[in-house]
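In: Sharing a model that was predicted from the sequence below.
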Amino acid sequence: MISFLISIVALVMGYFIYGAIIERIVAPDDRETPATRLADGVDYVAMPTWKVFMIQFLNIAGTGPIFGAIMGMWFGPAAFLWIVIGCIFAGAVHDYLSGMLSMRHDGANLPTLIGDNLGSVARKVMLAFTVLLMLMVGAVFVYSPAIILEGITGSQVMWIVIIFVYYLVAAMMPIDKIIGKIYPVFAVSLLFMAVALLGVMLVKMPHLPELWDLGNMTPWYESQQVGGKDSLGVVAFLQKNPIFPCLFITIACGAISGFHATQSPMMARCLKSERLGRKIFYGSMITEGLVALIWASVSSYFFYYGGWREVVPAEQVEAFLSQFAADDGKTLIQYFSAPTVVKMVCTGWLGIFGGILAMLGVVAAPITSGDTALRSARLIIAEALHLNQRTVRNRLMICVPVFAVTFGLLMWQISNPDGFNVLWQYFGWSNQTLSVFTLWALTVYLARQGKAYVVTLIPALVMTAVCTVFLLVSPQALALDRYIAWPAALVVVIIALSWFFAWHRRQKGLGIKE
């Protein structure tokens, strides 16, 4: 597990070294924060630092660093590399700067921040785009927990109604009443689960694929052959899903996610001091990266090392082998979904308590992501309409139509046989596209301030390329050949870079600095 252990050390060092560099660029000071200056008892509420950290961590995490990391490991140990580099140099910078920029603009939401730096057209586009993304998050994260809970007790409809009612209450109530009380508990559970799994991995110390195996993964594929057939299924998977850009879309939370920039403003309204920004925003993202690394290593153990034979009950092992013998049998990565891996590993390694933690991971985490997404939608719309949110009536005016549209998306998702997968793919691309706009807005802001904009420019260019290629090659979009998509993406990146430098030269020539 050399690559895995080095990756953990690199992430921690990234917080202390690169995080300090980014903090110096931002230069936090002792100015009064929106939490105290604009306190309203609903959304602007100063809270203890530890609680803000836990809420921010759970807001941005959900199941992202778990499911995404498990599926991301199907691309091999390159997943470790993307998590470390993406988290330190892109994701944590993206989260920290968007949170700090919001704090310095009265807790402004993302569309406003983008509009202030990229123009009124971008503001309007991103307003609609961001709200739609929040509604998709709400719809996606109602359905999956309801399916799981249905298998325990009650009906799917019952659980959908219960989750929706909770969403409505959590989205409307003051942030310290529900979110501020239950989120820290769920966050501790997710962290404890990750630490416990790390302990088991360190005791087992299995031989996992390393970064230097990237050029020759054949021995690992062959080690999982059953009856002369490739039971792993990674080779066929990679033929349909090239590492670039699919790895960068699959592992979003844990590396970089545009969704995070919609959540940071909520905590920007709860911090007592700017100097806490690095701990909350940069630190939460690094913590999420650590969780993603742990689950990526667990996934590597499960699929490549053959750990599935250990943690999966004997009867289910036989069921897999029996169906795999058929001509149309499913491979390991098709048969054992990410939620299944979580459940099997947690219960197999951590017993009954592990099963409870697994349930929190696959049920509570998406629910908490969904409720904060819809809360963000309320705040974004309220800001656009200049509608004060102190009164329950004003909150209801926004929440009712927001929940109605979300319910419509949910019904379409349920009625369409492939609805969840389609909605998830659009969510994945939209999520990373949002990070592109956020990074470009941050780059413009830093350039206007005469600061080191290169720290966001490089990630902006990378993610521009990722989203462009995915849009061009995805079967849900243009479905072009990758050898057409890659040059086209390069052209888009060159145009974006040229456009930025042309703008920057004009700004310098006019002597404009904000």
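Out: Looks like it arrived, so ask away.
In: At the geometric centre of this structure, which residue sits there?
Out: Centroid check for the chain by Cα atoms, centre = their mean gives Cys253 as the closest residue, at 2.6 Å.
In: burial of the residue nearest to it when sequence neighbours are not counted, as a residue count?
Out: Counting by Cβ to Cβ, 6 or more residues apart in numbering, Gly64 is the residue found nearest to Cys253 once chain neighbours are left out, at 2.4 Å. Backbone N, C-alpha and C define where each C-beta goes, glycine included. Using other Cβ atoms under 10 Å, Gly64 has 24 neighbouring residues.
In: these two touch, right, Gly64 and Ala252?
Out: Yes. In this structure, Gly64 is within contact of Ala252 by Cβ atoms under 8 Å, at 6.3 Å.
In: any low-confidence regions in the protein?
Out: Filtered on pLDDT under 70, the chain yields the residue ranges 151, 417-425, 476, 511-514.
In: where exactly do the strands run in it?
Out: 225-226, 229-230 (DSSP state E).
In: re the thing from before, check contacts around the residue nearest to Cys253.
Out: Ala252, Cys253, Gly254, Ser257, Glu288, Ala292, Ser369 (Cβ atoms under 8 Å, 6 or more residues apart in numbering).
In: Can you pick out the most distant pair from these?
Out: Across those, the longest distance by Cβ to Cβ is 15.1 Å; it joins Ala292 and Ser369.
In: Tell me which of the contacts of Gly64 fall in helices.
Out: Glu288, Ala292, Ser369 (DSSP state H).
In: Name the member of those with the most neighbours.
Out: For the ones in helices among the contacts of Gly64, neighbours tallied by other Cβ under 10 Å; top is Ala292, 35 neighbours.
In: Just list the residues touching that one, thanks.
Out: Neighbouring residues of Ala292 by Cβ under 8 Å, 6+ apart: Gly64, Pro65, Ile66, Gly68, Ala69, Gly72, Ile83, Cys87, Ile251, Cys253, Gly254, Ala255.
In: What is the nearest of those to Phe4?
Out: Once Cβ to Cβ is applied, the member of these that ends up nearest Phe4 is Ile83, at 10.2 Å.
In: where's the closest one relative to Gln334, distance?
Out: Separation of Ile83 from Gln334 (Cβ to Cβ, to the nearest Å): 24 Å.
In: What about the nearest residue to Val473 once chain neighbours are set aside, how many residues nearby?
Out: Counting by Cβ to Cβ, 6+ apart, Ala485 is the residue found nearest to Val473 once chain neighbours are left out, at 4.7 Å. Neighbour count for Ala485, taken as other Cβ under 10 Å: 23.
In: For Ala485, which residues are in contact?
Out: Ala485 neighbours (Cβ under 8 Å, 6+ apart): Thr468, Val469, Leu472, Val473.
In: Adding neighbour count, write those residues out as JSON lines.
Out: Compiled in JSON lines, the contacts of Ala485 are given as follows (neighbours: other Cβ atoms under 10 Å):
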{"residue": "Thr468", "neighbour count": "22"}
{"residue": "Val469", "neighbour count": "24"}
{"residue": "Leu472", "neighbour count": "20"}
{"residue": "Val473", "neighbour count": "24"}
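In: Among those, which lie within helices?
Out: Checking the contacts of Ala485 against DSSP H, those in helices are Thr468, Val469, Leu472, Val473.
In: any idea which of those residues is closest to Ile25?
Out: Thr468 (27.6 Å).
In: ok, the residue nearest to Trp308 when sequence neighbours are not counted - contacts?
Out: Distances taken as Cβ to Cβ, 6+ apart place Phe302 nearest to Trp308, at 5.1 Å, with adjacent residues excluded. Counting by Cβ under 8 Å, 6+ apart, Phe302 touches Ile70, Trp308, Val311, Phe336, Val341, Met344, Val345.
In: picking that back up, quick one: the residue nearest to Cys253 and Met136, what's the gap?
Out: Plainly put, Gly64 is 14 Å away from Met136 if you go by Cβ to Cβ.
In: ditto for Thr464
Out: For Thr464, the distance to Met136 - Cβ to Cβ - is 22 Å.
In: just Phe80 next, same as before
Out: For Phe80, the distance to Met136 - Cβ to Cβ - is 29 Å.
In: So for these two, which residue has more residues nearby?
Out: Phe80 (27 against 20).
In: and Phe186, how many neighbours?
Out: What Phe186 shows, counting by other Cβ under 10 Å, is a neighbour count of 21.
In: And for Met1?
Out: Neighbours around Met1, by other Cβ under 10 Å: 18.
In: Quick check: phi and psi on the residue nearest to the centre of the chain?
Out: Dihedral pair for Cys253: phi -60, psi 130, per degrees, to the nearest 10.
In: got a list of what it touches?
Out: Ile60, Ala61, Gly62, Gly64, Pro65, Gly68, Phe259, His260, Glu288, Ala292.
In: Turn the residues you listed into CSV, including distance to Ala171.
Out: Listed next are these as CSV, based on distance: Cβ to Cβ, whole Å:
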residue, distance to Ala171
Ile60, 18
Ala61, 19
Gly62, 16
Gly64, 20
Pro65, 24
Gly68, 25
Phe259, 16
His260, 19
Glu288, 23
Ala292, 27
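In: Out of those residues, give me the one that has the most neighbours.
Out: For those, the largest number of neighbours (other Cβ under 10 Å) sits with Ala292, at 35 neighbours.
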